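Q: Quick one: sequence and predicted model below, then my questions.
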Amino acid sequence: HEHALRGRDAHLLLSFKASADPCNAVLRSWEGHDPCSGSWIGVTCYRRRVVSLRLDHSSLTGSVTPLFGLTRLRVLSLRRNALTGSLPHLTTLNNPRLRRLSLSHNKLRGTLNVSLPSLASLRVEHNQLSGGVEGLRLPNVSDFNVSSNQLSGKVTDLLSKFPASAFEGNQGLCGSPLPGCGEVSRLSDDTTAVSPSPASLQSATDSSSSRSSTKVGFTALLAIGISDLLVIAIGLVVIVGMYLWLRKKLITSLNGAAASIRELEPDKLQREEKEKGRSLICFEGGEDLRLDCLLKASAEVLGKGISGSTYRAVLEDGIIVAVKRLSAVQFPSHCKAFDRQMHLIGRVRHPRVVSLRAYCNAHEEKLLVYDFMPNGSLLSLLQSNSKFLRTAKGRLQPAIARSLDGCLSCAGGGSGRTLDWMSRKQILMGAAEGLAFIHAFPARSPLVHANIKPSNILIDEQGNACIAEWGIMRFASNFHQAMPHYPSGCLSDGAMFAAGTTTRLGYRAPELVNGKEQPTQESDVYSFGMVLLEVVTDKEIDDAESEGEVMGMVKIGMMCTAERPEERPKANQVVRMLSDFL
Ligand SMILES: Nc1ncnc2c1ncn2[C@@H]1O[C@H](COP(=O)(O)OP(=O)(O)OP(=O)(O)O)[C@@H](O)[C@H]1O
């Protein structure tokens with residue numbers, strides 16, 4: 001039975017592929033009948049059943065319907081594609097385990113009917129969904145957004161706890177937290193009530209003219225005047241009295257409230273501080289991560305650097321994340337600025353930047369949870385590509401050679417693939433795009449990566465390079481020691497020569513060597529330039545086509561590694577220059 005269900009998972013994924021990627025451009029790795037072989041991009045399995053499918057920003061088209069036949073699915077994330085069609089009625093019957101459904105920024109139509117107690121996150125903003133929201137029965141959803149669709153009708157009581165931003169951009173939706181449904185019609189009623197019709201105006205004129213024609217005696221006029229004055233005076237006394245009474249009440253209650261806040265505050269703060277210390281602070285896409293689950297997850301060390309160790313953690317639901325455990329020596333304090341920086345990093349979302357999904361800043365533990373990049377780092381690619389390792393492996397006993405493969409994958413998943421010229425250019429371009437995005441991100445002061453080196457350029461499921469681990473190093477206590485420089489002998493001589501560097505500074509810009517200057521966007525460009533020179537001057541490039549281009553790329557590297565920071569190009573200029581080679 002299980003075997004048949006596995007076969008069904010494969011069949012459903014392949015029928016999704018047929019409509020989503022008809023040209024076989026993105027889902028090329030979806031081949032054969034085993035989605036759990038580890039080679040199908042975006043697919044995560046647990047006990048050989050598909051539990052997660054993440055293919056954001058993948059230019060997919062067609063219908064998502066086949067995917068809802070995956071009965072073990074927990075996470076479905078297909079944001080920013082061009083998916084069309086409607087969503088089927090989702091119930092516990094078909095999708096009993098679905099926890100996260102992220103289909104924002106697509107072209108989905110039809111109505112929303114989802115009754116799933118298991119669902120914790122529903123994001124379908126920026127689609128063309130229509131109809132009401134009464135079909136959403138989601139008692140446990142904590143992350144919800146249906147904004148910028150064509151939904152209409154009243155927001156149900158169950159959903160009214162979400163902020164207005166979760167519903168905005170739907171012309172026809174009304175009711176808390178949006179303006180009330182009756183308000184528009186009441187307003188128009190009021191308008192008709194107060195705006196006099198021509199007929200009523202006519203009759204008012206008639207009656208006033210008839211009054212003026214009536215002769216009223218002086219005594220009567222005096223009596224009317226006095227009674228009017230009396231009414232006004234009484235009214236004034238009542239209003240002043242009420243004002244004084246209300247003012248007194250307000251002051252008493254405010255005093256009481258202030259006193260109670262003062263009394264509660266220390267406790268409350270302590271409690272919050274404690275809770276904060278124990279829990280994860282989650283950002284977009286990490287909403288259902290929990291610290292206890294993370295600590296229980298089976299983990300494997302990916303590597304250890306100056307800033308701490310990184311683990312590959314497989315959570316209960318089969319989701320894989322990378323957890324960076326910051327070294328207590330380098331990051332001993334628990335400062336507010338660190339929290340502010342993490343919140344900033346958690347907001348940065350770009351296909352070429354590894355997303356921070358959550359973090360924990362407790363006194364005894366600082367954990368950063370990132371998307372896991374399954375194809376290792378540029379460092380591992382360069383190493384597994386190196387002649388030394390290949391020739392060494394040739395001379396070794398088969399068993400030892402196999403263990404060398406293992407070592408490479410420990411060091412970040414070295415694939416052993418040949419790094420051809422085109423891949424090198426694409427990796428550099430991806431990293432430059434990620435860096436340019438970080439540099440241009442709006443923030444109070446310019447954002448800086450401060451740790452650019454090949455082990456922080458990671459390769460995602462689709463083979464794209466992404467920039468990782470940025471913005472942390474400025475909190476390291478021994479910041480300058482921790483800055484990216486490389487153990488002598490590792491950076492290729494070609495790169496050192498091209499950069500005109502005689503001393504072994506590695507990726508560290510010369511202005512940072514005295515230990516007084518803080519890293520800047522210019523020093524990031526320097527580090528990137530060193531990486532670029534290393535990638536393009538590698539003796540292993542044996543692609544004849546590349547010969548003419550190498551010199552052009554070296555020129556870019558030399559510009560980036562100019563001695564004077566102000567002479568270096570900006571990251572976005574580097575992107576433009578690199579694009580000429582692609
Ligand atoms: N999100 C991730 N997905 C997959 N592998 C990762 C991820 N983050 C880091 N790694 C890999 O884990 C290994 C260890 O990374 P780590 O950041 O701890 O050390 P480092 O980059 O060598 O040094 P530093 O501490 O200076 O950053 C590296 O090979 C890195 O490529």
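A: All right, it came through fine.
Q: where exactly do the helices run in the stretch 301-450 of the chain?
A: Along the stretch 301-450 of the chain, counting by DSSP state H, counting those that start in this stretch, helices occupy 336-347, 378-385, 387-395, 398-410, 421-440.
Q: Lowest mean pLDDT across those helices, which one is that?
A: Looking over the helices of the stretch 301-450 of the chain, mean pLDDT reaches its minimum on helix 398-410, with a mean of 33.
Q: contacting residues for V525?
A: V525 makes contact with L435, C560, R568, P569, K570, A571, V574 under the criterion Cβ atoms under 8 Å, 6 or more residues apart in numbering. The C-beta positions use only the backbone N, C-alpha and C, and glycine is treated the same way.
Q: pLDDT below threshold where in the stretch 201-350 of the chain?
A: 201-221, 247-278, 334 (pLDDT under 70).
Q: Which positions in it make contact with the ligand?
A: Proximity of the stretch 201-350 of the chain to the ligand (Cβ under 6 Å from any ligand atom) is limited to residues L302, G303, K304, G305, I306, S307, G308, S309, T310, A322, K324.
Q: Okay, and which of these map to strands?
A: Members of those lying in strands (criterion: DSSP state E): L302, G303, K304, G308, S309, T310, A322, K324.
Q: And the residues you listed, which two are furthest apart?
A: K304 and A322 (13.4 Å; Cβ to Cβ).
Q: Which residues of this structure lie near the ligand?
A: Checking the chain against the ligand by Cβ under 6 Å from any ligand atom, the hits are 302-310, 322, 324, 354, 370, 372-373, 377, 411-412, 451, 455-456, 458, 468-469.
Q: which of these are buried?
A: Among those, those scoring as buried are 302, 305-308, 310, 322, 324, 354, 370, 372-373, 377, 411-412, 451, 455-456, 458, 468-469 (criterion: 16 or more other Cβ atoms under 10 Å).
Q: Report how many residues lie close to the residue of the stretch 101-250 of the chain found nearest the ligand.
A: At 19.2 Å from the ligand, S102 is the closest residue in the stretch 101-250 of the chain, using Cβ to the nearest ligand atom. Counted with other Cβ atoms under 10 Å, the neighbours of S102 add up to 23.
Q: if I pick it, what's in contact with it?
A: If a contact means Cβ under 8 Å, 6+ apart, then S102 has D56, L76, S77, L78, R79, S121, R123, G285 as its contacts.
Q: Identify the bridge partners of it.
A: Beta-bridge pairing of S102 under DSSP bridges involves S77, R123.
Q: Could you do R49 as well?
A: In this entry, R49 is beta-bridged to Y46, by DSSP bridges.
Q: what about it, how many residues close to it?
A: 18.
Q: Correct me if wrong: it contacts L5.
A: Yes. If you go by Cβ atoms under 8 Å, R49 and L5 touch, sitting 6.9 Å apart.
Q: returning to that earlier point: now for K304 and A322: what residues contact both?
A: Here K304 and A322 have T310 as joint contacts, going by Cβ under 8 Å, 6+ apart.
Q: Quick one: residues contacting the residue of the stretch 51-200 of the chain found nearest the ligand.
A: Nearest residue of the stretch 51-200 of the chain to the ligand (Cβ to the nearest ligand atom) works out as R54 at 13.7 Å. Contact analysis of R54 by Cβ under 8 Å, 6+ apart lists G42, T44, V75, S77, L78.
Q: Just want the residue of the stretch 151-300 of the chain that's nearest the ligand.
A: The ligand sits closest to E300 of the stretch 151-300 of the chain, with a gap of 10.5 Å, by Cβ to the nearest ligand atom.
Q: Using the three-state scheme, assign that residue.
A: strand (DSSP: H, G, I helix; E, B strand; the rest coil).
Q: Then L12?
A: Put simply, L12 is helix when judged by three-state DSSP.
Q: Run a quick neighbour tally on it.
A: Residues contacting L12 under the criterion other Cβ under 10 Å number 20.
Q: pretty sure it contacts L67?
A: Yes. Using Cβ under 8 Å, L12 makes contact with L67 at a distance of 6.6 Å.
Q: Mind pulling the model confidence for the nearest residue to V50 once chain neighbours are set aside?
A: Among residues not flanking V50 along the chain, D9 sits closest, at 4.6 Å (Cβ to Cβ, 6 or more residues apart in numbering). We have a pLDDT of 92 for D9.
Q: Please report how far D9 lies from L76.
A: D9 sits 13 Å away from L76, taking Cβ to Cβ, to the nearest Å as the criterion.
Q: the more surrounded of these two?
A: More crowded of D9 and L76, by other Cβ under 10 Å: D9, with 24 against 20.
Q: Helix or strand: which one has the more buried one?
A: According to DSSP states H and E, D9 maps onto helix 2-20.
Q: from the contacts of R54, which is closest to G235?
A: Nearest to G235 among these: S77, at 64.1 Å, using Cβ to Cβ.
Q: neighbours of the closest one, just the number please.
A: S77 has 18 neighbours, counted by other Cβ under 10 Å.
Q: what's near enough to touch it?
A: With the criterion set at Cβ under 8 Å, 6+ apart, S77 makes contact with S52, L53, R54, L55, D56, R100, S102, G285.
Q: residue contacts, the first one?
A: By that I understand S52. Counting by Cβ under 8 Å, 6+ apart, S52 touches V43, T44, L73, R74, V75, L76, S77, D317, G318, I319.
Q: The same query, at a cut-off of 7 Å, please.
A: T44, R74, V75, G318, I319 (Cβ atoms under 7 Å, 6 or more residues apart in numbering).
Q: Repeat that for the second one.
A: In this structure, L53 makes contact with G42, V43, L67, L73, L76, judged by Cβ under 7 Å, 6+ apart.
Q: Next step: these restricted to strands.
A: V43, L76.
Q: Most widely separated two among the contacts of L53?
A: G42 and L73 (12.3 Å).
Q: all helices of the stretch 101-250 of the chain, in order?
A: Along the stretch 101-250 of the chain, counting by DSSP H, counting those that start in this stretch, helices occupy 183-194, 198-212, 218-278.
Q: Now whatever residue of the chain ends up closest to the ligand: closest residue in space, sequence neighbours ignored.
A: In the chain, the residue that lies nearest the ligand is G305 (1.9 Å; Cβ to the nearest ligand atom). Distances taken as Cβ to Cβ, 6+ apart put S455 closest to G305, at 7.0 Å, once the chain neighbours are dropped.
Q: Confirm that that neighbour sits in a strand.
A: No. The assignment for S455 by three-state DSSP gives helix, which leaves it out of any strand.
Q: Hmm, L368 is touching K324, no?
A: Yes. L368 sits in contact with K324 when judged by Cβ atoms under 7 Å, with a separation of 4.3 Å.
Q: Next, V574: secondary structure please.
A: helix.
Q: How much space separates it from M553?
A: Taking Cβ to Cβ as the measure, V574 falls 11 Å from M553.
Q: repeat for Y311
A: From Y311 to M553 the distance is 35 Å (Cβ to Cβ).
Q: again, but for V50
A: 41 Å.
Q: What of L294?
A: The spacing between L294 and M553, counted by Cβ to Cβ, is 41 Å.
Q: Those two: which has the busier surroundings?
A: It is M553, of L294 and M553, that has more neighbours when counted by other Cβ under 10 Å, with 24 against 19.
Q: I'd like to know how many residues surround the residue nearest to the more buried one when sequence neighbours are not counted.
A: Of all residues beyond its chain neighbours, the one nearest M553 is V536 (4.3 Å), with distances taken as Cβ to Cβ, 6+ apart. Counted with other Cβ under 10 Å, the neighbours of V536 add up to 26.
Q: ok, now P117?
A: P117: 11 neighbours (other Cβ under 10 Å).
Q: isn't it right next to P139, touching?
A: Yes. Applying Cβ under 7 Å as the test, P117 and P139 come out as touching, 5.6 Å apart.
Q: Where does the residue nearest to P565 when sequence neighbours are not counted sit: helix, strand or coil?
A: Leaving aside its chain neighbours, P565 sits nearest to E522 (3.6 Å; criterion: Cβ to Cβ, 6+ apart). Classification of E522 by three-state DSSP places it in helix.
Q: returning to what we had before: adding distance to T111 as columns, could you present the contacts of S102 in TSV?
A: Converted to TSV, these look like this (distance: Cβ to Cβ, whole Å):
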residue	distance to T111
D56	24
L76	18
S77	22
L78	19
R79	21
S121	20
R123	17
G285	26
